[in-house]
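K.L.:
need a 3D model of the following:
(one chain, ligands or ions: 1)
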Amino acid sequence: MVFIPRVTRGYERQDYSALLDELKGLSVTENDEKVHIASEKQGVDAATRCRASLLDNPKMLYAYSNKSRVLHDRDCSKLAEISDAHFRMVSEFPVDMKVCSECYRRAIIRRGVGDDRKRIPAYERFFNKVRVSDSYLYDLMIKNKALVKLIDNNVMEITVREDTWQFVCGSTGYELWHNNYICLKDGSRYFTKGFHRQTVFGGYTAHNILRVILTYRCDIHKSKTKTKLDKRHAHEELLKEHENRREFKRVLGGLVDGTFRKDEYEDALLFLNSLFENNQVKEIVKGAERGLSLQQILIYAKPEFVAGQMKQIRSGLELHIGKKYVKSYALPELSVKEMRKAKIKLFLKKSPVEIYLCFKDRLLTLVKRKKKNNAK
Ligand SMILES: [Zn+2]
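P.N.:
A predicted model of the protein is given here:
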């Protein structure tokens, strides 16, 4: 084996330059001193530059000194106490590190706000207002990696895993709203627009609300659950569905009777929009306007029907085909075309007199509606 001694080239060069300087008549010691000061200055500059570039990086959320190893939020005033040489930053919240007591809460909240860093004080104000403890915030943001979005000063949107919630701090108390979804046959969920009200057991306190958000599992109604916790959730889901169904019937009833005041009518549409797409809502409202009964509308006012299917069921009912017959083709698996075909077939089974009466009836309602509209 051949041993090659390591040669530090820099030193060699310095030796030459010293020689050169000597030849030029400069003293060696003076030059050495200059080199020493320059390298020290370079080191300080590098550390300062490194600190500045770390602070410039928005992904770096937390800072610490590699000497004391106490974590700080990147906005903490105590960062000034850390020298450039020991200054370090990280993008994730290290769970095994001591955290500064002054900026602990802010550091946790920062984990959940994403790009909305400038509004962190507003987030802090919301969580202070609803009195969420540090430990709940830690569970939410660090353990469960929740993302939060302040919609306005009284509404906080919280996303944990695939579910999104709205924690509403209303004038009469807190509310919890949960994203709408449809359970598909394969057990997966399809998320639709809007939110529905979520029942919270034990009263609507911030802690109960966060408990629901943190422990919610989407597979509750899929598996017949065994544990106590899951049973409670299954019950919560049932209650929620029940509450929604009751409100739904109340809203439809009002639309059918035409008894809503203008603001109540608008509220009713808002509620329907939280459950259905716009075109579906139109079909439901049309049915009510054209004189269908609550029971008739309930046949098609279901999220599993798209607006086109709803229309076929609605027009079947308006043609007086009969509830029983309409139900025979009111199946989500049938296409709009298939539904229309079935509807016409059923309609043509009626006697000519019945068909005549049907058209007459239809014409009369149209005329009545036109008169009513003109009167407005
Ligand atoms: Zn701090």
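K.L.:
how far away is Gly254 from the ion?
P.N.:
55 Å (Cβ to the ion, to the nearest Å). Any C-beta I mention is one placed from the backbone N, CA and C, and that applies to glycine too.
K.L.:
chain neighbours aside, what residue packs nearest to that residue?
P.N.:
Phe260 (4.7 Å; Cβ to Cβ, 6 or more residues apart in numbering).
K.L.:
looks to me like that neighbour is in a strand.
P.N.:
No - counting by DSSP: H, G, I helix; E, B strand; the rest coil, Phe260 is not part of a strand but coil.
K.L.:
I figured it hits Gly253, correct?
P.N.:
No - shown here, Phe260 and Gly253 do not form a contact pair, counting by Cβ atoms under 8 Å, at 9.9 Å.
K.L.:
picking up where we left off before, give me the neighbour count for the residue nearest to Gly254.
P.N.:
16 (other Cβ atoms under 10 Å).
K.L.:
and for Ile82?
P.N.:
Look at Ile82: counted by other Cβ under 10 Å, it has 20 neighbours.
K.L.:
how about Ser135?
P.N.:
Ser135 sits with 9 neighbouring residues when counted by other Cβ under 10 Å.
K.L.:
could you do Ala268 as well?
P.N.:
23.
K.L.:
and if you look at the one 10 residues further on?
P.N.:
For Asn278, the count of nearby residues is 11 (other Cβ under 10 Å).
K.L.:
and if you look at the one 10 residues further on?
P.N.:
The local packing count at Ala288 equals 22, with neighbours defined by other Cβ under 10 Å.
K.L.:
am I right that it sits in a helix?
P.N.:
Yes - with three-state DSSP as the criterion, Ala288 is assigned to a helix.
K.L.:
separation between it and Lys311?
P.N.:
Counting by Cβ to Cβ, to the nearest Å, the separation of Ala288 from Lys311 is 14 Å.
K.L.:
again with Ile299
P.N.:
13 Å.
K.L.:
same question for Ala330.
P.N.:
Distance from Ala330 to Lys311, by Cβ to Cβ: 12 Å.
K.L.:
can you list the low-confidence ranges for this protein?
P.N.:
Low-confidence segments of the chain, defined by pLDDT under 70: 1-41, 43, 185-187, 218-239, 242, 372-373, 375-376.
K.L.:
which parts of it belong to which domain?
P.N.:
20-102, 103-216, 225-375 (automatic domain parsing).
K.L.:
helices of the protein, residue ranges please.
P.N.:
Ranges of helices in the chain, per DSSP state H, are 9-24, 28-56, 104-113, 120-129, 134-138, 206-215, 228-257, 262-275, 278-289, 294-300, 307-318, 323-329, 336-348, 352-375.
K.L.:
where does Glu333 fall, phi/psi-wise?
P.N.:
phi -80, psi -10 (degrees, to the nearest 10).
K.L.:
around the ion, which positions in the chain sit nearby?
P.N.:
The chain comes close to the ion at residues 72, 76, 78, 100, 102-103, as judged by Cβ under 5 Å from the ion.
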